[in-house]
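Sequence first, then the predicted structure:
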Amino acid sequence: MARRLLIRDLTLRDGQQSAFATRMTQQQVDRVLPFYKEANFYAMEVWGGAVPDSVMRYLNENPWDRLEKIKGVVGDASKLTALSRGRNLFGYAPYPDEIIDGFCRNSIESGLGIMRIFDALNDVDNVRSTIRSVRQYGGIADCAVCYTIDPHFSFMERTKAALKGKPLPGTVFTNSYFLQKAQEMEKLGANMITIKDMSGLILPSRSAELVNLFKQHLNVPIDFHTHCTPGYGLAAVLAAIVNGVDIVDTVIWNFAGGPAAPALELVYLFCKKLGIELDVNMEAVARINQELLPIRKELETYDAVKQFPRPFNPLTNELPPVIDGEFDKAIEAVQKNNETLLLQACHAIEAYFNFPKPNELVKQAEIPGGMYTNMVAQLKQLNAMDILEDAMKLIPTVRLSAGLPPLVTPTSQIVGVQAVNCALALKQGKPMYSNTTNQFVALVKGEYGKTPVPVSSEFRLKIAKVKEEVPYDTSTHKTPENPVLEAYGGVRLAENEKEELLLELFPSVAATFLTNRKKEDYEKTCRETEVLEVKPSVQLEETQPVTGQVVEAPMPGHVFRFLVKSGDIVHKGQDLLILEAMKMENSILSEYNGTVKQLFVKEGATVAAGSKLIEIEE
């Protein structure tokens, strides 16, 4: 009997998130769902990750509607899956168990079948609660071990560290390290384990080693997930398949390659040659792919690569003999453990089909593509692209100081943003850590969990003002305000548990989204009942003439929360407000002693760099 390989399709979540900034609308999703019902994928990743945030932030859509509408069409034909960040769920902050439980219950009731759970630090304690809740409500707990590599330090950096009496650590991320994490997760009740290579940095030889090791020592199915950005993806997937992996993550042709995962159609061709059954309806996949082409053109503004693959249907198009031979060479190279020839063959295949070339900059930097693009976007907003190289060079140092976290959301963003802040500070002649985000402070403090190597007590004292590690304390969690919206008929901002959960995870974004929804509903009711008067929303006082010192936004962002109000006495160095920029919370400090005279903007407002925020009279 032929071996069977299961496929998890990522097109509607990780695929479109990687390539098109998660801008696929519900209407576009609806166009492909009837074909998905026939495709017979083992699983479809459709939710979690950036989807709940993005559909509210950019599309004015309800995240719960997306999950429920997909379930309504696809039914039980494929298991619907979501990506969850363990104790952080889909947000950035750690959450109490009751919120995790509520989100898992509502997700499964709305149609979710599999929750892929990972922790950015590979701290197994942080996935414990989600495993328990997912299994309690009938879901499958898919626990992911985040693959990462040790940072490379120059000889000079190592010499300096040794002279200071603090030599840099040896190899941390060994095969044994990853296996131990997987075994701990299996003991906690994981139904399957995923090797999650979010950066696309896993070499085919390492993919083969880890799959072999996991298959020998674990008793649950093994899934393999990677990306194509640095050029290893297709070869690493083939190595995983040849070495016995149970499930692989792929993306359909027109959304595949580049920053996304490898194309399903290429995996299909390899499996045909290997005598492995996919049990996927490739005719239905071809119909999905046909519809993805115009959708991708509609998403052109957000297209990360703007390079379309050569049209191809493995059921109707024949491969040229030369390219067919490259498939054979790749398989032979895997079987002989010849990584160089394997990569050459896979690159030749991808080049023929016009998939993006390996991103050499990301490959050399050894960081996730998304982390790199976030850093570039931040520097463009700050008009400081000239320090990109300096910021990139600081990443290993910042990462090591923070305990060597794997670079995956949210730690990749935390480290990346902090590296930029450090580079800016040094350029301005200030100490390296003059400006630290709240998330970086929380990471160093210990609130995100146990880091792979300990943070030094001296550095923790310097950054977080405490010497010993301080874990996240669930008793300090503050539920966001849920006000009555008098302007829109006296309804609550969040009227049910699902809306309350959105407010918990995405306070600023969900508050704006829910307010807009309540406004739309109220105005629709007014029109239907011919009640024309709509009360104005609450506005700030009219701005008074400026006579004091003005606190301005140091960077573009959203005003997440004011910590002071008019009339408050403030001191130099005091936190005035929290500005959300690049999904990081930045405390804006007072440079003056005095009294708050006026606030220039409202909470939730989007501001440009240099915008007036607060006036303080000395």
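Perfect, I can see it now.

okay but residue 367 is in contact with residue 395, surely?
Yes. In terms of C-beta atoms under 8 Å, residue 367 counts as a neighbour of residue 395; the distance is 6.4 Å. C-betas here are computed from N, CA, C, even on glycine.

Please identify every residue contacting each of these two.
residue 416 (C-beta atoms under 8 Å, 6 or more residues apart in numbering).

I figured residue 489 was touching residue 529, is that so?
No. At 11.0 Å, residue 489 and residue 529 do not qualify as touching, with contact defined as C-beta under 8 Å.

So which of those two has more stuff around it?
Shown here are residue 489 and residue 529; by other C-beta atoms under 10 Å, residue 489 has more neighbours (17 against 8).

which residues does the more buried one contact?
518, 521, 522, 525.

again, but for residue 342
Residues in contact with residue 342 (C-beta under 8 Å, 6+ apart) are 204, 235, 238, 239, 330, 333, 334.

which SS class is the residue positioned nearest the centre of the chain?
By C-alpha atoms, centre = their mean, the chain has its centre lying nearest to residue 409, at 4.5 Å. Look at residue 409: counting by DSSP: H, G, I helix; E, B strand; the rest coil, its state is coil.

next SSE after the least confident helix or strand in the chain by mean pLDDT?
Ranking every helix and strand in the chain by mean pLDDT, DSSP states H and E puts helix 155-163 at the bottom, with a mean of 54. Using DSSP states H and E, the helix or strand that directly follows helix 155-163 along the chain is helix 175-188.

Okay, now the sheet partners of the following helix or strand past that next one, with direction.
Next along the chain after helix 175-188, taking DSSP H and E as the criterion, comes strand 192-196. The partner list of strand 192-196 in its sheet, established with DSSP bridges, is strand 140-146 (parallel), strand 222-225 (parallel).

pLDDT averaged over the last one, what's the number?
For strand 222-225, the mean pLDDT works out to 98.

can I get the strands paired with strand 192-196 in a markdown table with mean neighbour count and distance to residue 46?
A markdown table is the format used below for the strands paired with strand 192-196 (neighbours: other C-beta atoms under 10 Å; distance: least, C-beta to C-beta, whole Å):
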| stretch | mean neighbour count | distance to residue 46 |
| --- | --- | --- |
| strand 140-146 | 26 | 14 |
| strand 222-225 | 26 | 15 |
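
which of the residues in the longest helix belonging to the chain are buried?
Criterion DSSP state H: the longest helix present in the chain is helix 507-529. Within helix 507-529, the residues that count as buried by 16 or more other C-beta atoms under 10 Å are 507-515, 517-519, 522.

List just the nearest of those residues to residue 199.
Proximity of the buried residues of helix 507-529 to residue 199 (C-beta to C-beta) peaks at residue 509, which lies at 26.0 Å.

I'd guessed that closest one sits against residue 55; true?
No. Assessed by C-beta under 8 Å, residue 509 is found out of contact with residue 55, at 10.0 Å.

distance of residue 366 from residue 270?
Residue 366 sits 27 Å away from residue 270, going by C-beta to C-beta, to the nearest Å.

Those two: who's more crowded?
Between residue 366 and residue 270, counted using other C-beta under 10 Å, residue 270 has the larger neighbour count: 22 against 17.

Read off the pLDDT value for that one.
Listed pLDDT for residue 270 reads 98.

Tell me which stretches of the stretch 301-450 of the chain form helices.
321-335, 339-352, 360-365, 369-381, 388-401, 411-427, 438-445 (DSSP state H, counting those that start in this stretch).

Now render those helices as CSV, adding mean pLDDT and distance to residue 261.
Output for the helices of the stretch 301-450 of the chain, formatted as CSV (pLDDT from 0 to 100; distance: least, C-beta to C-beta, whole Å):
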stretch, mean pLDDT, distance to residue 261
helix 321-335, 97, 17
helix 339-352, 98, 13
helix 360-365, 78, 15
helix 369-381, 74, 12
helix 388-401, 90, 24
helix 411-427, 90, 18
helix 438-445, 92, 27
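
so which of the ones you listed gets nearest residue 137?
Comparing the helices of the stretch 301-450 of the chain against residue 137 with C-beta to C-beta, the closest turns out to be helix 411-427 (28.2 Å).

who are the neighbours in contact with residue 269?
314, 319, 327.

OK, contacts around the first one?
By C-beta under 8 Å, 6+ apart, the contact set of residue 314 is 265, 268, 269, 282.

biggest separation within those, which pair?
It's 269 and 282 that sit farthest apart of these, by C-beta to C-beta, at 10.5 Å.

Name the spans of this protein whose pLDDT lies under the cut-off.
Scanning the chain for pLDDT under 70 picks out the ranges 1, 91-92, 153-168, 381, 530-543, 555-556, 573, 581-585.

how about 50 then?
For the chain, applying pLDDT under 50 flags the ranges 532-541.

Quick check: beta-bridge partners of residue 599?
With DSSP bridges as the rule, residue 599 is bridged to residue 614.

What's the local residue count around it?
Residue 599 has 23 nearby residues by other C-beta under 10 Å.

now do the one 10 residues further on
Counted with other C-beta under 10 Å, residues neighbouring residue 609 total 14.

Also the one 5 residues further on?
Residue 614: 26 surrounding residues under other C-beta under 10 Å.

Give me the distance between it and residue 511.
20 Å.

Neighbours of residue 236, how many?
Residue 236, neighbours per other C-beta under 10 Å, totals 34.

residues in contact with it?
By C-beta under 8 Å, 6+ apart, the residues touching residue 236 are 197, 202, 203, 204, 206, 207, 224, 226.

Show me the one in those that has more neighbours than the rest.
The contacts of residue 236, ranked by neighbours (other C-beta under 10 Å): first place residue 197, 31 neighbours.

wait, isn't that residue in contact with residue 229?
No. Between residue 197 and residue 229 there is no contact under C-beta under 8 Å: 10.6 Å.

how about residue 122, what does it touch?
Residues near residue 122 by C-beta under 8 Å, 6+ apart: 145, 146, 181, 406, 452.

what's the answer for residue 615, then?
546, 547, 548, 549, 550, 551, 596, 597, 598, 600.

Which residue comes closest to the last one once chain neighbours are left out?
With sequence-adjacent residues excluded and distances taken as C-beta to C-beta, 6 or more residues apart in numbering, residue 600 is closest to residue 612, at 4.3 Å.

how many other residues sit next to the one you found?
Number of residues near residue 612 (other C-beta under 10 Å) recorded here: 16.

Test my guess that it contacts residue 598.
No. Assessed by C-beta under 8 Å, residue 612 is found out of contact with residue 598, at 9.4 Å.

what touches both of those two?
Counting by C-beta under 8 Å, 6+ apart, residue 612 and residue 598 have no contacts in common.
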